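Undergrad: What would the 3D arrangement of this be:
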Amino acid sequence: MVQESGGGFTEALIPQGTQQKRPALSWGSKIKKKLKTVAPCLGKFRPSVGQCCHQCTPDSLGKKLGQTIPSLGFQNLLSVNETHTRYRGWLVRRVCCVLLVRGCRVYPSPATDRVERVSQSNRVQKALSSPHIAPVGGDTRGSLTRLTPYLPLINTCISPQLLRLVGWVLLKVFGSVFCSVQVNLNHMAPLHKASKQGASLVYVCVPQSIVDYALIPLVLFCHNLRVPYTLCHLQIHNYWLRSVLQRLGVVLLPPGPMTEQEAETDNLYSSVMTSLVGELLCEGQVLSLCVSGESCRGGQWLARIRLSVREGAVPDVHLVPVGISYDCAPNTSTPVGLLSALRCVFSLLCGSRQRGSVRIHFAQPFSLKEMCDTGRCRVDRGRPLQDLLLPTILHTRSDAIFGQRMMSWVLPPRYVPELCQSERDLSIALTLHLIYSTMSCMAVMSTSLVSCLLLHKHRKGVCLSVLCRDVAWLLEEILFRNRDVGFGGSLVGVVYHSLTLLTPHLTLAAHPKDRSDPLIAPHPSLSATLSLSRHAQILSHTFIHEAVGACAVSAMLCEVAGCGGSSRVRGEEIKGDEVRGEMEFDVALCQDELTERALQLTHLLPPGYMPPCQSSHGFALDAVDTLVRCGILVMEEVPRDTPICDFWRKEGTLTWSASDDHSDSDCEEGDARSFKLSQPSQCPELLFFLCSLMAGYLRALCWATEGLDLLDTPLPEAVCLGQIHSHLCDTAQRDRGHYESCSEEMASVTVRTLTDLGVLVEEQQRGCVFLGVSPLFQQTDNRQKLHSFVSQFLYD
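TA: Have a look, this model is predicted:
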């Protein structure tokens, strides 16, 4: 794939004819001509992804539904031809898409007496009889009128003819937006088998775009699987659009100006939705929902599904994590009306000039009953983050505090209030597990790979030949970690395809010495940096162990440097910021202290990065071990006078000893291990690259801590979030860079972390949540301590 000779890569990396015909400044338009619509082809054999958790669901893992299925390869959902129909001929080739949707199987979706069953349920009757809802005098009809806004939601059904029509429209629209929608056929076969076993399937994804809500039903429809009822968080006001979506199985919010958070605070809405989910599962219907840790989305639906299983409405449910990866995620707004929906479709079609691919992974289904009822799932309520980290931050305690971080905000107490605490903790653990499983089975796209290199390794620019070399290296590292990629083909084709899609966010220039090898750099603007950061985010999940370990190493090296530790450069010259030669640090890093630093950073990680069935301390140990495996750290060799293993210390006893000290103990503890940085010239560069993967989040925490004195608190939660986001944007503008730290998502995660740390305190005022700076952190010294604690992990 790549040719290399002595001094570097040969000109075989550049297609013939590009060296002399035009200057490199026109290279950007040239690659658009090279790959206008064609994406690199996908190979058949890929890493096996999406398997069940061996700890929480070993029985589901052992079923191996797809083990006996031969490799069927990938299918482009948008490539419809006559082979997908029962007919042949020239006319069939022109109407094959119509014949496909006409021949797809649509399962019946009766909703005849669903309103009566939901309204007569004990849960809804109890909510109607509450003092806040029941009318004066106990009029039953007056109570039932309260159900009027929820009747269209309860009557949501799937119309076969409308589903076929919309399926045909979506195939045409997506054919203009994407060059391919790739589905692994080996993932579809286990779904067919699981659907025949009797238990209902629930598809769970992490939202990236509103297109996610359409892609999952379309894939299942085209593969003759039951189309799911989609639990959607959108608020749509247009009556005609709501009617169409509700006949396609989309369960929307009730009409009105309320948001999902406001709707969940209504006890009647919560009761109706819990009963509706139970009735849908009793009917044998399939559900689809989105989960997100940052926006507290989806946890309430999983809790309701769990309640249905626990109460015996259905014997079991199989959960299916779905990973959807985009070359370029469609930038669409939330449609609230018919006009906005048309604008959304128009924006999709207008963005078709840069057509990327979509990769969909359906993970292995696993049993909800097995995960929750066997006790294998790790359900630890955990400890507040301020209990875990504040003693270390404020220097009131030196040793590490072990435990799991409590994330009760994933399922707030106002959501599904009927849950007991143990069931709420179990639902939170289930939500976190599904977020991690979904992120783990997402494929790494070519644009994500190139964006990560440009943003975190070559921010000041890189030659095309060097970029191709690094793409090949990073691709091998991704596949080594058993993560799938959503592309294939030649290396040059993959890089050209990625650069074509990323051209609006890049700066292209001619190399001063070799005009045939252009320079590529990320554009230093807010929109470009945010776009590249969104693409590269999946790589932070892929290398999270290495990133946490690298930040811990960086923190210890900074502390040693501040204390006068020695480090030197072994090489010939130093030019500006570039180090020529090998960096050599004459310092030993104690394993216990390194693990403690990694543990502290692990507690700060947002949901989705760490498997919830693993302890934080175990994750920190793995983070240090991965640095040894990838060659950044090496074990320090300590010279000894006697062998480590001494067989004859005691007659007739096999005794292991770490030193030659005389002890009466038969079992002696070994000396604490220590590490040193390895000496290959690429080690410092790799270390700094891994540190950069976490820099955006850590820098946002530092900036938000510096801006606490600018907040006139207490403020409503949304207002406080907006002010912190504005402060992050202003700081990035003054810094003239690092715009990846000022996105709305980063601001939301930062506010959540500061709240868990006790820096921001939640208060209930006038029925709303207000945030205020705690008295402890109104003191400048404590804010400086917090800033120093976070900044120690930040490599700049």
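
Undergrad: make it CA atoms for all contacts and neighbour counts henceforth
TA: OK.

Undergrad: Mind jotting down where the helices sit in the stretch 501-650 of the chain?
TA: With DSSP state H, counting those that start in this stretch as the definition, the stretch 501-650 of the chain shows helices at residue ranges 526-542, 544-562, 591-603, 616-629.

Undergrad: export the ones you listed to a markdown table and tack on distance to Q55 and mean pLDDT?
TA: Formatted as a markdown table, those follow (distance: least, C-alpha to C-alpha, whole Å; pLDDT from 0 to 100):
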| stretch | distance to Q55 | mean pLDDT |
| --- | --- | --- |
| helix 526-542 | 20 | 93 |
| helix 544-562 | 19 | 88 |
| helix 591-603 | 21 | 92 |
| helix 616-629 | 14 | 92 |
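
Undergrad: now those as CSV including mean neighbour count?
TA: Below are the helices of the stretch 501-650 of the chain laid out as CSV (neighbours: other C-alpha atoms under 10 Å):
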stretch, mean neighbour count
helix 526-542, 20
helix 544-562, 22
helix 591-603, 22
helix 616-629, 20
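
Undergrad: Including distance to T753, could those go into TSV?
TA: Shown next, in TSV, are those (distance: least, C-alpha to C-alpha, whole Å):
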stretch	distance to T753
helix 526-542	18
helix 544-562	17
helix 591-603	10
helix 616-629	17
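
Undergrad: V317: which of those helices is closest?
TA: Proximity of the helices of the stretch 501-650 of the chain to V317 was assessed by C-alpha to C-alpha; the nearest stretch is helix 526-542, lying at 28.0 Å.

Undergrad: what residues does the closest one touch?
TA: Contact partners of helix 526-542, identified using C-alpha atoms under 8 Å, 6 or more residues apart in numbering, comprise 328, 439-440, 444, 447-449, 451-452, 455, 478, 481, 483, 504-506, 522-523, 547, 608-609, 693-694, 738-740, 743.

Undergrad: Please put the alpha-carbon coordinates of it into CSV.
TA: The C-alpha trace of helix 526-542 is given here as CSV (Å, rounded to 0.1, in the frame of the first residue of the first chain):
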residue,chain,number,x,y,z
LEU,A,526,-13.8,28.4,14.9
SER,A,527,-16.1,26.5,12.5
ALA,A,528,-13.2,24.6,11.0
THR,A,529,-11.7,23.5,14.3
LEU,A,530,-15.1,22.5,15.7
SER,A,531,-15.8,20.4,12.6
LEU,A,532,-12.4,18.6,12.8
SER,A,533,-12.9,18.1,16.5
ARG,A,534,-16.3,16.4,16.0
HIS,A,535,-14.7,14.1,13.4
ALA,A,536,-11.8,13.3,15.7
GLN,A,537,-13.8,12.6,18.8
ILE,A,538,-14.1,8.9,18.1
LEU,A,539,-10.3,8.5,18.2
SER,A,540,-10.4,9.8,21.8
HIS,A,541,-12.6,6.8,22.7
THR,A,542,-10.4,4.4,20.8
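
Undergrad: buried set for stretch 368-384?
TA: Of the residues in stretch 368-384, those buried under the neighbour-count criterion (16 or more other C-alpha atoms under 10 Å) are L368, K369, E370, M371, C372, C377, R378, V379, D380, R381, P384.

Undergrad: Looking at those residues, which is nearest R359?
TA: Distances from the buried residues of stretch 368-384 to R359 were compared by C-alpha to C-alpha; the smallest belongs to L368, at 25.9 Å.

Undergrad: What distance do you get for that closest one to R226?
TA: When C-alpha to C-alpha, to the nearest Å is applied, the distance between L368 and R226 equals 19 Å.

Undergrad: can you tell me which of the contacts of helix 526-542 are in helices?
TA: Within those, membership in helices is found for M439, S440, T447, S448, L449, S451, C452, L455, I478, A547, L693, M694, as judged by DSSP state H.

Undergrad: What count of nearby residues applies to the second one?
TA: For S440, the count of nearby residues is 25 (other C-alpha atoms under 10 Å).

Undergrad: Could you tell me which residues make contact with it?
TA: Residues V49, G50, G323, R483, H541, T542 are the ones in contact with S440 under the rule C-alpha under 8 Å, 6+ apart.

Undergrad: same question, the fourth one
TA: Under the criterion of C-alpha under 8 Å, 6+ apart, the contact partners of S448 comprise D327, L532, H535, A536, Q537, I538, L539.

Undergrad: Pretty sure the first one sits against V444.
TA: Okay, so that is D327. No: in this structure, D327 is not within contact of V444 by C-alpha atoms under 8 Å, at 9.0 Å.
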